[in-house]
Each structure stands twice: as structure tokens, then as C-alpha cells.
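>>> Give the three-dimensional model of this entry:
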Amino acid sequence: MHISRKRFVGIFLLSAFAFQFISNSLLGPEVGLFPKNGEWFLGAESPIAWQRTLATIIYPFKFVLIKPLSFLAQDPDPAPPMLVAAFSIYWAAIALVLHFLLSLTNRRRNE
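The predicted structure follows:
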């Protein structure tokens with residue numbers, strides 16, 4: 001893999017925040033990065049068929065990206081920088097592990 005670790009983490013963070021914003025905006029009642037009502041898996045009980053289908057498709061990704069830190073939503077008024085910082089640290093750790101695993105497979109393929 002010929003991409004630097006910093007660049008990979010940066011692209012991963014931007015993609016994760018974009019995914020979170022777009023999925024919440026499409027499936028939720030309001031546009032936003034984090035849902036205001038504390039419900040992280042929006043659209044699962046929607047009466048609209050396409051929202052239920054989309055929620056079913058993206059649920060595994062949201063489960064990995066969101067579920068471990070969903071306890072932060074229990075606070076009725078968390079500080080916004082805390083949510084962004086916590087998710088950034090968690091997603092950066094995921095990105096570093098992915099970069100390591102992808103670089104291992106690339107090295108094995110080149111041998």
C-alpha cells in the first residue's frame with residue numbers, strides 16, 4: 001500500500017464523518033452529524049420502505065462505527081467537541097488497524 005498512514009487516517013475520518021452525516025440526514029427527521037434524540041440507528045422502524053431498506057443495508061457499518069460509543073448519547077446535553085473528539089479517536093484507531101492489515105496483505109502479495 002503506497003499511501004501514508006496519516007493520509008489514510010485522514011481520508012478514513014472524513015469518510016466516516018460524511019457517512020454519519022449523510023445517513024443521519026437521509027434516515028432521520030432532521031439534518032445533522034449526530035441525532036438530537038439519542039437514537040443512533042435511524043430508519044429501522046420507518047413506515048417508508050426505502051428508508052427501512054437503506055437502514056438494513058447500512059446497519060452493519062453503523063454498528064461497527066457507532067455502537068461502541070453509543071453510550072455517549074445517554075447524556076441529554078453533551079458538549080459537541082466531546083462527541084467529535086471521542087468518535088475521531090475511535091475511528092482513527094480503526095483506520096490504523098485497517099492500514100496495518102492492508103499493508104500486511106500488500107507485502108505478502110509482493111513477496
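
>>> where does G28 fall, phi/psi-wise?
With angles defined as degrees, to the nearest 10, G28 sits at phi -100, psi 170.

>>> Now that it has come up, it's in contact with G43, right?
Yes - counting by CB atoms under 8 Å, G28 does reach G43; the two are 7.5 Å apart. For every residue, glycine as well, the C-beta is placed using N, CA and C.

>>> who has more neighbours, these two?
Between G28 and G43, G43 has the larger neighbour count (other CB atoms under 10 Å), namely 21 against 18.

>>> So the more buried one versus F34, what's the distance?
Remark: distance between G43 and F34 (CB to CB, to the nearest Å) = 15 Å.

>>> same thing with K62?
K62 is 12 Å from F34, where distance means CB to CB.

>>> Then A85?
13 Å.

>>> Same question for S15.
Counting by CB to CB, the gap from S15 to F34 is 17 Å.

>>> Same check on D77?
From D77 to F34 the distance is 12 Å (CB to CB).

>>> Compare the two and say which one has the larger neighbour count.
Comparing D77 with F34 by other CB under 10 Å, the one with more neighbours is F34, at 18 against 5.

>>> What ranges does the protein have for its helices?
5-27, 49-66, 80-110 (DSSP state H).

>>> what about the longest one, average pLDDT?
Read that as helix 80-110. Helix 80-110 comes out with an average pLDDT of 88.
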